[in-house]
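> 3D model of this:
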Amino acid sequence: MAIPLSLLPTTCEIRRPFCAGSALAANIPCRLVPDMPRGRGSGLAGLLAWTLTIDLQESVDIPDGSTRFAGANLVTYADGDEVRIPSGGSTKYVVAWVETRNLGTGQVFKRVYLLRDTA
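Have a look, this model is predicted:
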């Protein structure tokens, strides 16, 4: 069982790669949650930063661009997919991190950490 659509009140679109000319997927139901206080990080290299999160169905294909080398505790950040909220909107966000939540329950979903792009 997926997260109920009633908990996903807006839509987004995904573009791959970042700044692609058209959407890979559009009108994806999501829940937008501002998260600036937790996401601002400390400004040190290797730490992720984000401005908000969105929750999506578990089945949505949305990779992040973050990696970690074996034996290191720092995250190497690269642009993941581009997300526009609402679907068809002009404000761009880059995917910083994706995690699957509620594993082992009937309401598994993806939480996507986004950073607003100002270019």
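> Please enumerate the helices of the chain.
Secondary structure of the chain by DSSP state H: the helices cover 36-39.
> where does it have low pLDDT?
1, 36-47, 77, 119 (pLDDT under 70).
> which stretches of it form strands?
Here the chain has its strands, by DSSP state E, at 10-15, 25-34, 52-57, 82-84, 92-101, 109-116.
> how far is the fourth one from where the chain is centred?
For strand 82-84, the distance from its own C-alpha centre to the chain's C-alpha centre is 8 Å (CA atoms, centre = their mean, to the nearest Å).
> now for it, which elements pack on it?
Helices and strands touching strand 82-84, as assessed by 3 or more CB pairs under 8 Å, 6 or more residues apart in numbering; DSSP states H and E, comprise strand 10-15, strand 92-101. Any C-beta I mention is one placed from the backbone N, CA and C, and that applies to glycine too.
> And for the second one?
In this structure, strand 25-34 makes packing contacts with strand 10-15, strand 52-57, judged by 3+ CB pairs under 8 Å, 6+ apart.
> Need the ones you listed in TSV (columns: distance to residue 80).
Shown next, in TSV, are those (distance: least, CB to CB, whole Å):
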stretch	distance to residue 80
strand 10-15	10
strand 52-57	13
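> Relative to residue 108, which of these is closest?
Proximity to residue 108 (CB to CB) singles out strand 52-57 among those, at 8.8 Å.
> how about that closest one: buried residues?
If you call a residue buried by 16 or more other CB atoms under 10 Å, then strand 52-57 has these buried ones: 52, 53, 54, 55, 56.
> ok, residues contacting stretch 101-110?
Residues from elsewhere that reach stretch 101-110 (CB atoms under 8 Å, 6 or more residues apart in numbering): 1-4, 55-58, 60, 62, 98-100, 111.
> what's the span of it, first residue to last?
Chord length of stretch 101-110, first to last residue, is 6 Å (CA to CA, to the nearest Å).
> what's around the closest residue in space to residue 23 that isn't next to it in sequence, how many residues?
Of all residues not flanking residue 23 in the chain, residue 13 sits nearest, at 4.2 Å (CB to CB, 6 or more residues apart in numbering). Residue 13 has 21 neighbours, counted by other CB atoms under 10 Å.
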